[in-house]
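# sequence-free structure coming up:
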C-alpha cells in the first residue's frame, strides 16, 4: 500500500515509474495500472519459474534503462539486486524492508531464506529503507549493513482519511446499529502476527463490563466463514457483538466510523491501520511493538503484546472516557499525523533519496526536472 501511495501522487516531472511484479496479477495491479503506471509481471509462481523470470527481468531492465531500481519486501529486494546487474547505466539499487523481526517462526521457508540471504548480500544495495527504527535495529542485529540504513516512516493521505460524521452514521446503518453504539475496530488480515486471539479475549473481558460495545473486524480472511475465528468468538461469548466484514475496499469510510481502533499485533513493521485511524481522528490502543509507541505518542495507549488483560484495561479506559474526551484525543492524533506522517512529506523524502542515489552514480543523462527515472520493483 505504501508503494501505491507513492505512485498515486508522485511528482510527474521528477519521477517516471514502472512496476515489476514478481508474481501474477494481484488486487493492487489494476489500481496501480489505473495510475497510468507501466506494470510488468515476471511470473514467479513457483521456484521452477525463477530462471525464466530472471530472463524477463533482465530484458525489462535493459529496455527501461533506469536510474534507480527500488526493491520492495525481501524477495523484491533480491530481484532488484539481480536486475541491476543487467542495467546499462549501472542503476542505483534501493531495498525496502517493511516489517520488524521478533521471530521467524511464522514466516514461510522461502521468506526465511530470503531474509537470511538479504543479510549476506546487504553490502550490495546503495541504501536500505526501513519504515521503523526498531526494524532497522533488528535487521542490523542479524547482519544487515547498518551504514546503509535509512528510516522513512509510512505516510498518510489526511484528505482521504479524515473525520466523517456521514461515515459514522452510514456504517452503523449498514450494520443495523444505533448511532449511539460505540464501535471498537480492528483492521488486519488473518495472520498469526496480528493476534486476533488476544483481541477477542480482550473483547470478551470488555463485554462483561461494557455489554453495549460492538467489535468490528475486517481484513483478508477475517469473516464469518473463518471457522477458527467464529469458534473463538462464540466460545468467548462475543459472537453476537462481533462483526467480521472480510476484506473491504472502503477502509477510509469504515475507519472514520470507529470510536476506537485497536492493534493487537505481536509483530509489526509500521501498520498503516494505526496511522489511518489517527488521521481519521480516532484514538488507538496499540501493543508495544515496532515504533508504535512513538507513532501514537500521547494520543493513545500502549500495552504489552499477548496480554489480553492489559489490552482490555486500556480499551476500557478509552470506552469509559466521555465522547468529548475521545474527540479531543482523536483530534490530537490527527494533528500528530499531519505534523509527522503527512503523505506529501514522506513522498518528498523518497523522491529526494532517489535523486541523491542517481546523482551518486554520476548519471549525466537528463531524466525530467531532477534527472531521475525510477523503476520500482515489487
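That came in fine, so what should we check first? If you're wondering where the values come from, they're calculated on a predicted model, not measured in any experiment.
# hang on, isn't residue 19 packed against residue 39?
Yes: counting by C-beta atoms under 8 Å, residue 39 is a contact partner of residue 19 at 4.9 Å. From N, CA and C alone the C-beta is placed, and that goes for glycine too.
# mind listing the shared neighbours of those two?
Between them, residue 19 and residue 39 share these contacting residues under C-beta atoms under 8 Å, 6 or more residues apart in numbering: residue 32.
# more crowded one of those two?
Just comparing residue 19 and residue 39: by other C-beta atoms under 10 Å the higher neighbour count belongs to residue 19, 23 against 17.
# can you confirm that one is in a strand?
Yes: with DSSP: H, G, I helix; E, B strand; the rest coil as the criterion, residue 19 is located in a strand.
# so what's it scoring on pLDDT?
With respect to pLDDT, residue 19 scores 91.
# which strand residues bridge it?
The bridge-partner assignment for residue 19, based on DSSP bridges, gives residue 39, residue 376.
# can you find the helix or strand of this structure with the lowest average pLDDT?
Within the chain, no helix or strand scores below strand 374-377, which has a mean of 49 by mean pLDDT, DSSP states H and E.
# flag the shaky bits of the protein, pLDDT-wise.
Counting by pLDDT under 70, the chain has low-confidence residues at 24-26, 45-49, 106, 362-378.
# in it, which spans are strands?
18-21, 38-41, 68-71, 92-97, 127-130, 149-151, 183-187, 214-218, 242-244, 260-263, 284-287, 301-303, 374-377 (DSSP state E).
# residue 338 is nearest to which of those strands?
With C-beta to C-beta as the measure, strand 284-287 is the member of the strands of the chain nearest residue 338 (15.7 Å).
# so what strands line up beside the closest one?
Strand 284-287 is paired, per DSSP bridges, with strand 260-263 (parallel), strand 301-303 (parallel).
# output the ones you listed in JSON lines; the columns should cover mean neighbour count and distance to residue 185.
What follows is the strands paired with strand 284-287, written out as JSON lines (neighbours: other C-beta atoms under 10 Å; distance: least, C-beta to C-beta, whole Å):
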{"stretch": "strand 260-263", "mean neighbour count": "28", "distance to residue 185": "5"}
{"stretch": "strand 301-303", "mean neighbour count": "21", "distance to residue 185": "15"}
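# now stretch 9-20, how far from the centre of its chain.
Distance of stretch 9-20 from the chain centroid (C-alpha atoms, centre = their mean, to the nearest Å) equals 20 Å.
# whoops, stretch 61-68 was the one
Taking mean C-alpha positions (C-alpha atoms, centre = their mean), stretch 61-68 and its chain are 27 Å apart.
# number of nearby residues for residue 70?
Other residues within reach of residue 70 by the criterion other C-beta under 10 Å amount to 30.
# surely it is in contact with residue 94?
Yes: counting by C-beta under 8 Å, residue 70 touches residue 94, with 4.5 Å between them.
# intersection of neighbour lists for these two?
The contact sets of residue 70 and residue 94 overlap at 80, 354 (C-beta under 8 Å, 6+ apart).
# need the contact list for residue 168.
With contact set as C-beta under 8 Å, 6+ apart, residue 168 has these partners: 179, 256, 257.
# let me know the closest of these to residue 344.
Of these, the one sitting nearest to residue 344 (C-beta to C-beta) turns out to be residue 256, at 20.5 Å.
# related to what we said a few turns ago, and of the contacts of residue 168, the nearest to residue 58?
Using C-beta to C-beta, residue 256 comes nearest to residue 58 of the contacts of residue 168, at 45.5 Å.
# ok, now which ones touch the closest one?
By C-beta under 8 Å, 6+ apart, residue 256 lies in contact with 161, 162, 163, 164, 167, 168, 280, 281, 282.
# go again with 7 Å.
For residue 256, the contacting residues are 162, 163, 164, 167, 168, 280, taking C-beta atoms under 7 Å, 6 or more residues apart in numbering as the criterion.
# okay, buried residues for stretch 281-295 please.
Of all the residues in stretch 281-295, those buried under the rule 16 or more other C-beta atoms under 10 Å are 281, 282, 283, 284, 285, 286, 287, 289, 290, 291, 292, 295.
# stretch 97-117 too?
Under 16+ other C-beta under 10 Å, the buried positions of stretch 97-117 are 97, 98, 99, 100, 101, 102, 107, 114, 115.
# between all of those residues, which two are separated the most?
For those, the maximum inter-member distance is 17.3 Å, found between 102 and 114 (C-beta to C-beta).
# if we can go back for a sec, now the strands of the chain in JSON lines, with distance to residue 141?
Supplementary listing: the strands of the chain in JSON lines, determined by distance: least, C-beta to C-beta, whole Å:
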{"stretch": "strand 18-21", "distance to residue 141": "30"}
{"stretch": "strand 38-41", "distance to residue 141": "35"}
{"stretch": "strand 68-71", "distance to residue 141": "21"}
{"stretch": "strand 92-97", "distance to residue 141": "13"}
{"stretch": "strand 127-130", "distance to residue 141": "13"}
{"stretch": "strand 149-151", "distance to residue 141": "12"}
{"stretch": "strand 183-187", "distance to residue 141": "30"}
{"stretch": "strand 214-218", "distance to residue 141": "33"}
{"stretch": "strand 242-244", "distance to residue 141": "37"}
{"stretch": "strand 260-263", "distance to residue 141": "24"}
{"stretch": "strand 284-287", "distance to residue 141": "21"}
{"stretch": "strand 301-303", "distance to residue 141": "23"}
{"stretch": "strand 374-377", "distance to residue 141": "26"}
